[in-house]
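Chemist: mind looking at a prediction? Sequence and model below.
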Amino acid sequence: MDTAVSGPVSGPAQGPARGTDPAPYAPPRHGPAGADPHGPAPAWDPRGDLVWGTIPRLVRHAAAEHAHREAVVADGGRTRVSYAELGRQVERAAAACIASGVRKGDRVAVWAPNTPEWIVSALGAVTAGAVLVPLNTRFKGAEAAYVLRRCRARLLFVTGTFLGTSYIASLRRADPELPELRQIVVLDDTAPESCLTWRDFLAAGAAVHPDEVRARADTVEPGDPSDIIFTSGTTGRPKGAVITHAQTLRAYDLWSELAGLRADDRYLVVNPFFHTFGYKAGIIACLTRGATMVPQPVSGTDTVLANIAAERISVLPGPPTLHRTLLDHPSRDAHDLSTLRLVVTGAAVVPLQLVERLRTELNIGTVLTAYGLSEAGGFVTMCRRGDDPGTIARTSGRALPGTEVRVLAAPGEPGEVLVRGYHVMSGYFEDPEATAAAVDPDGWLHTGDIGILDADGNLRITDRIKDMFIVGGFNAYPAEIEQLIGAHPDLVDVAVIGVPDARLGEVGKAYAVRRPGTGLTADDLIAWARREMANYKVPRQVEFVPELPRNASGKVLKGELRRAAAAGPGSPPEPAPDSGH
């Protein structure tokens with residue numbers, strides 16, 4: 001037996017579904033110019049398709065509709081680009097892609113931190129008909145080379161030296177021979193031999209007439225692939241989830257509507273652009289509404305505070321760790337944070353205390369949580385504005401309209417989460433076997449996540465299937481245990497893994513980060529946990545660490561913790577990677 005809920009789905013029902021979305025989504029439609037003080041919302045036609053259809057047409061629409069609004073602010077305010085200028089820069093980059101030999105359907109990769117050049121190069125490639133392949137900036141050369149070979153990228157946009165690392169040198173050491181890669185463009189004024197500078201690359205596009213750029217962009221169809229997002233590779237080699245233009249635009253127009261994103265918003269994009277949270281819930285979402293993007297290449301809290309105050313930021317999505325460090329920063333009160341009004345978070349356990357502190361200490365009117373994965377375009381469920389703090393903290397909200405969510409378990413019990421809807425990937429890039437293993441013949445995506453659906457259709461993710469451990473016959477879910485332990489007033493962060501135990505098979509081990517100045521001991525925390533949760537859930541071991549290792553999207557790297565645990569007591573996990581994206 002399993003439980004299933006869905007948001008409103010157009011057309012005939014698609015399989016078993018119980019429950020309805022208590023806050024149905026009405027697709028936005030154009031009204032008379034000026035009718036909406038925040039600017040007209042994008043329209044959907046009667047078939048449910050966005051009138052833009054493709055990302056190139058969205059860029060064109062935003063450049064015309066929001067011409068004089070600021071599109072991008074960067075470099076401490078020294079770079080300010082209007083939507084009209086952004087449209088021109090994107091078309092110029094598209095012309096340069098065409099001049100370099102990029103054809104429709106070619107894969108073009110971007111390996112760089114959050115900068116205006118990332119936005120322009122990525123959107124320029126897509127406007128030229130290419131399929132965007134964002135590369136994780138924490139990749140080492142061998143990891144980047146694998147993805148470039150796997151997707152047969154024709155063109156690579158890459159940063160110069162960033163945080164002391166030369167990406168090109170790292171790539172060449174790993175694999176000097178990438179036969180499909182025709183050109184490397186450095187997003188800077190200098191470049192190594194055999195690479196082009198950004199300026200020289202753009203200059204070569206002058207030979208391509210704007211009409212040719214427009215004609216190429218118009219060949220792109222809504223059902224064409226827009227991007228390939230490679231998974232993190234935690235279960236083996238990364239696999240590339242292929243997502244179309246129509247899937248991206250419909251999902252992130254909806255994300256913007258449910259979140260309440262507006263044209264007058266100023267959005268600090270701390271989430272890395274190579275991740276759907278940064279690219280799609282950031283760049284694409286802002287384009288749908290005409291909001292201002294303020295990309296931040298390095299995720300330091302000092303810089304976040306300075307940017308919020310200087311640029312009067314109103315929207316700050318990010319992982320819970322970002323918002324917690326913001327609240328606890330010693331110089332928080334020295335910055336004017338009064339313009340913040342919207343926070344969207346996820347990717348980890350969200351303590352109820354964090355939601356309440358954001359609302360009370362920073363007076364943030366809207367705090368929402370959401371759930372998604374690359375194979376579903378990054379977006380599956382979301383809380384709704386007006387949900388109570390407990391729902392927001394304990395769950396990831398309800399299925400987005402047009403989406404079905406099932407849990408393979410009895411009502412109220414944990415089981416694998418399955419998803420079906422218009423935004424589920426068309427497949428893994430050139431990997432039919434992996435695709436068949438992930439998406440069943442009825443169209444259900446098997447996420448590998450364990451979750452529980454409540455009576456209102458709210459989804460609570462309890463863990464990954466591979467992270468669950470069994471204590472004396474009882475299933476233990478680390479995310480649930482972390483939520484309970486995270487309520488301890490002397491902790492700022494915690495992660496739980498299963499470790500071998502001679503008597504019980506496995507038991508929990510907690511890696512915890514203490515609040516500065518506290519004297520909490522492992523025995524204290526274990527005794528406290530025994531009062532707060534069932535005995536089989538209580539960690540038998542506690543190790544305090546300065547910080548937890550996390551990836552760029554905020555997820556704890558459980559593999560690092562398992563390796564440290566296997567190495568024996570006193571072997572700390574590898575520290576979190578550099579704060580740069």
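Modeler: Received the coordinates, thanks. Residues are numbered from 1 along each chain as shown.
Chemist: who does Ile184 bridge with?
Modeler: Each beta-bridge partner of Ile184 is listed here, defined by DSSP bridges: Leu156.
Chemist: that one against Glu193, yeah?
Modeler: No: counting by C-beta atoms under 8 Å, no contact exists between Ile184 and Glu193, whose distance comes to 10.7 Å. For every residue, glycine as well, the C-beta is placed using N, CA and C.
Chemist: compare those two (neighbour count), which wins?
Modeler: Ile184 (22 against 4; other C-beta atoms under 10 Å).
Chemist: next, the contact list for the more buried one, please.
Modeler: Neighbour list for Ile184: Leu155, Leu156, Val158, Ile168, Ala191, Ser194, Cys195, Leu196 [criterion: C-beta atoms under 8 Å, 6 or more residues apart in numbering].
Chemist: all the helices of the stretch 301-450 of the chain, in order from the start?
Modeler: Remark: helices of the stretch 301-450 of the chain, listed N- to C-terminal, are 301-311, 320-328, 352-361, 389-394, 432-438; assignment by DSSP state H, counting those that start in this stretch.
Chemist: contacts for the third one next, please.
Modeler: I take that to be helix 352-361. Among residues not part of helix 352-361, those counted as contacts by C-beta under 8 Å, 6+ apart are 320, 323-324, 327, 343, 364-365, 367, 389-390, 392-394, 487.
Chemist: what's the angle between it and helix 320-328?
Modeler: Orientation check (axes from the mean of the first three to the mean of the last three C-alpha atoms, to 10 degrees): helix 352-361 against helix 320-328 gives 50 degrees.
Chemist: give me the mean pLDDT for helix 352-361.
Modeler: Helix 352-361 shows a mean pLDDT of 92.
Chemist: from what I can see Gln183 touches Leu155, true?
Modeler: Yes: the pair Gln183 and Leu155 qualifies as a contact (C-beta under 8 Å) at a distance of 5.1 Å.
Chemist: can you pick out the residue with more neighbours from these two?
Modeler: For Gln183 and Leu155, the more surrounded residue by other C-beta under 10 Å is Leu155, and the numbers stand at 26 against 17.
Chemist: who touches the more buried one in this structure?
Modeler: Contacts for Leu155 (C-beta under 8 Å, 6+ apart) come out as 97, 100, 102, 106, 108-109, 125, 130, 181-185.
Chemist: identify the residues contacting the helix or strand containing Asp493?
Modeler: Asp493 is part of strand 491-501 when elements are defined by DSSP states H and E. Contacts of strand 491-501 with the rest of the structure, by C-beta under 8 Å, 6+ apart, involve 321, 324, 328, 467-471, 476, 478, 481-482, 485-486, 506-515, 520, 525, 539-541, 547-548, 556, 558, 561-562, 565.
Chemist: paired strands for that strand, with orientation please.
Modeler: strand 505-514 (antiparallel).
Chemist: pull the distance from the strand holding Asp493 to the chain's centre.
Modeler: Taking the mean of its C-alpha atoms, strand 491-501 sits 24 Å from the chain's own mean (C-alpha atoms, centre = their mean, to the nearest Å).
Chemist: could you give the number of residues near the residue nearest to Gly554 when sequence neighbours are not counted?
Modeler: Setting aside the residues directly before and after it, Gly554 is nearest to Pro319 in space (C-beta to C-beta, 6 or more residues apart in numbering), at 2.4 Å. For Pro319, the tally of surrounding residues (other C-beta under 10 Å) stands at 22.
Chemist: phi, psi for Pro319 please.
Modeler: With angles defined as degrees, to the nearest 10, Pro319 sits at phi -70, psi 160.
Chemist: what of Arg107?
Modeler: Torsion angles at Arg107 (phi, psi; degrees, to the nearest 10) stand at phi -90, psi 130.
Chemist: ok, it to Phe544 distance?
Modeler: 45 Å (C-beta to C-beta, to the nearest Å).
Chemist: do His66 as well
Modeler: Here His66 is placed at a distance of 49 Å from Phe544 (C-beta to C-beta).
Chemist: more neighbours: which of these two?
Modeler: Each of His66 and Phe544 has its neighbours counted (other C-beta under 10 Å); His66 has more, 23 against 16.
Chemist: tell me what the one helix or strand Met293 maps to is packed against?
Modeler: Of the helices and strands defined by DSSP H and E, Met293 is found in strand 292-295. Secondary-structure packing of strand 292-295 (3 or more C-beta pairs under 8 Å, 6 or more residues apart in numbering; DSSP states H and E): strand 70-74, helix 116-127, strand 266-269, helix 301-311.
Chemist: sec struct for the residue nearest to the spatial centre of the chain, please.
Modeler: In the chain, the C-alpha closest to the average C-alpha coordinate belongs to Phe277, at a distance of 2.4 Å (C-alpha atoms, centre = their mean). For Phe277, the secondary-structure state derived from DSSP: H, G, I helix; E, B strand; the rest coil is helix.
Chemist: roughly how far does it sit from Leu445?
Modeler: As defined by C-beta to C-beta, Phe277 lies at a distance of 19 Å from Leu445.
Chemist: next one: Asp336
Modeler: On the measure of C-beta to C-beta, Asp336 and Leu445 end up 43 Å apart.
Chemist: what of Val270?
Modeler: Shown here: Val270 relative to Leu445, a distance of 28 Å by C-beta to C-beta.
Chemist: Val471 too?
Modeler: Counting by C-beta to C-beta, the gap from Val471 to Leu445 is 30 Å.
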